[in-house]
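J.: Just need the structure, nothing else, for what follows:
(one chain, ligands or ions: 1)
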Amino acid sequence: MTAKADGKAAGGSKTANKKTGKPKSGAARKPSKGLPRCKYSQAEIRQIFSRFQKLRPEPRGELYHTNPYTLLVAVTLSAQATDAGVNKATKPLFDVVDAPEKMVALGEEKLRDYIKTIGLYRNKAKNVIKLSEKLISDFNGKVPDDRDLLTTLPGVGRKTANVVVSMAFGQPTIAVDTHIFRIGNRIGLAPGKTPDEVEAILERVIPKEFLYHAHHWLILHGRYTCKARKPECEHCIIADLCKSKEKTCDVAAPIVPIKEQPLPGL
Ligand code: SF4
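T.: This is a model prediction of the structure:
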């Protein structure tokens, strides 16, 4: 997987220091007109993501997959389901089916048997078969590396497309899931009313060198520390910087790098 950082999303030209070309270290870059403002300065945002980087130098998604196609299927199945639950079902499935042609040959009924422990499995099975048929008919059996093309596939929305182009093709995107949406609003990093707003703010304020991994850092922070019901602020490495009214601790936890990350459910 190659990490291509195009830098456009991170902005820069308008806020860069003319002499050094570096982003100004004062207030965070201004969001587009009409978007709510990030509560953190650029220096604070750099500090937050530097710490996430030290904690998880090589973050990765937690959905089991073997290639872009199985990733696409796994992300499609993960809507309103846990990664652990999806992994348990897809491991045996992907051992025998790793291409759209094989999925179509398997058929909807047998696919349902593999994924029946996942919520909304009937509808998801239908979509997986349809998207596999479309991949064969329109894309030569290959998963396109373009977000707009991906969203033409049945059951594939912007979030799924963002995850796929990021993880399978190394394009820096922010796929706003429930964790990222919550953190963006809870701590004021990206206080948007919709996932699209949160995505737009994050893409503007996160420095480009952090943008590629930012999606996973934020998800993992939300999943394991800044949890929905009760954030574990005493274990949080950004507790001193956090501007959330919900935080219960002002002292940052020490950073102990996490190298290996076993996939949940496997
Ligand atoms: S201090 Fe608490 S609320 Fe703030 S980011 Fe950390 S876990 Fe979340």
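J.: List of residues touching stretch 90-99?
T.: Residues outside stretch 90-99 that contact it (Cβ atoms under 8 Å, 6 or more residues apart in numbering) are 63-67, 69-70, 73-74, 77, 102-103, 106, 111, 114-115, 141, 266. Bear in mind the C-beta positions are built from the backbone N, C-alpha and C, glycine included.
J.: Please check these and keep the buried ones.
T.: 63-65, 69-70, 73-74, 77, 103, 106, 111, 114-115 (16 or more other Cβ atoms under 10 Å).
J.: The residue in the stretch 1-150 of the chain that the ligand sits nearest to is in what secondary structure piece?
T.: The minimum distance from the stretch 1-150 of the chain to the ligand, using Cβ to the nearest ligand atom, falls at residue 48 (8.8 Å). In this structure, residue 48 is located in helix 42-55 according to DSSP states H and E.
J.: Show me what the very next helix or strand once past that helix packs onto, helices and strands only.
T.: Once helix 42-55 ends, the next helix or strand along the chain (criterion: DSSP H and E) is helix 68-77. For helix 68-77, the packing partners by 3 or more Cβ pairs under 8 Å, 6 or more residues apart in numbering; DSSP states H and E come out as helix 83-96, helix 121-139, helix 158-169.
J.: Give me the mean pLDDT for helix 68-77.
T.: For helix 68-77, mean pLDDT rounds to 98.
J.: now do stretch 157-175
T.: Here stretch 157-175 scores 93 as its mean pLDDT.
J.: can you check stretch 181-199 too?
T.: On average, stretch 181-199 scores 97.
J.: List the buried residues of that stretch.
T.: Buried residues in stretch 181-199 (16+ other Cβ under 10 Å): 181-192, 195, 197-199.
J.: Alpha carbons of that stretch, in PDB - could you do that?
T.: C-alpha atoms of stretch 181-199 as PDB (Å, rounded to 0.1, in the frame of the first residue of the first chain):
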ATOM      1  CA  PHE A 181     -18.200  12.000  14.100                       C
ATOM      2  CA  ARG A 182     -18.400  11.800  17.900                       C
ATOM      3  CA  ILE A 183     -14.800  12.800  18.600                       C
ATOM      4  CA  GLY A 184     -15.000  15.700  16.100                       C
ATOM      5  CA  ASN A 185     -17.900  17.100  18.000                       C
ATOM      6  CA  ARG A 186     -17.100  16.100  21.500                       C
ATOM      7  CA  ILE A 187     -13.600  17.600  21.600                       C
ATOM      8  CA  GLY A 188     -14.300  20.400  19.100                       C
ATOM      9  CA  LEU A 189     -11.700  19.300  16.600                       C
ATOM     10  CA  ALA A 190     -14.400  19.200  13.800                       C
ATOM     11  CA  PRO A 191     -17.700  20.400  15.200                       C
ATOM     12  CA  GLY A 192     -19.900  19.500  12.200                       C
ATOM     13  CA  LYS A 193     -23.600  18.800  12.100                       C
ATOM     14  CA  THR A 194     -23.300  16.100   9.400                       C
ATOM     15  CA  PRO A 195     -20.500  13.500   8.500                       C
ATOM     16  CA  ASP A 196     -19.800  15.600   5.400                       C
ATOM     17  CA  GLU A 197     -19.200  18.700   7.500                       C
ATOM     18  CA  VAL A 198     -16.900  16.800   9.900                       C
ATOM     19  CA  GLU A 199     -15.000  15.400   6.900                       C
END
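J.: My read is that residue 253 contacts residue 242, right?
T.: No - using Cβ atoms under 8 Å, residue 253 makes no contact with residue 242, being 11.5 Å away.
J.: Looking at these two, which is more packed in?
T.: Legend: neighbour count by other Cβ atoms under 10 Å for residue 253 and residue 242, higher for residue 242 (26 against 18).
J.: you'd agree that one is up against residue 236?
T.: Yes - Residue 242 sits in contact with residue 236 when judged by Cβ under 8 Å, with a separation of 6.9 Å.
J.: Tell me if stretch 185-205 is near the ligand.
T.: Yes - with Cβ under 6 Å from any ligand atom as the criterion, the ligand is reached by stretch 185-205 at 186-187.
J.: residues from the stretch 51-200 of the chain in reach of the ligand?
T.: Residues of the stretch 51-200 of the chain lying near the ligand (Cβ under 6 Å from any ligand atom): 186-187.
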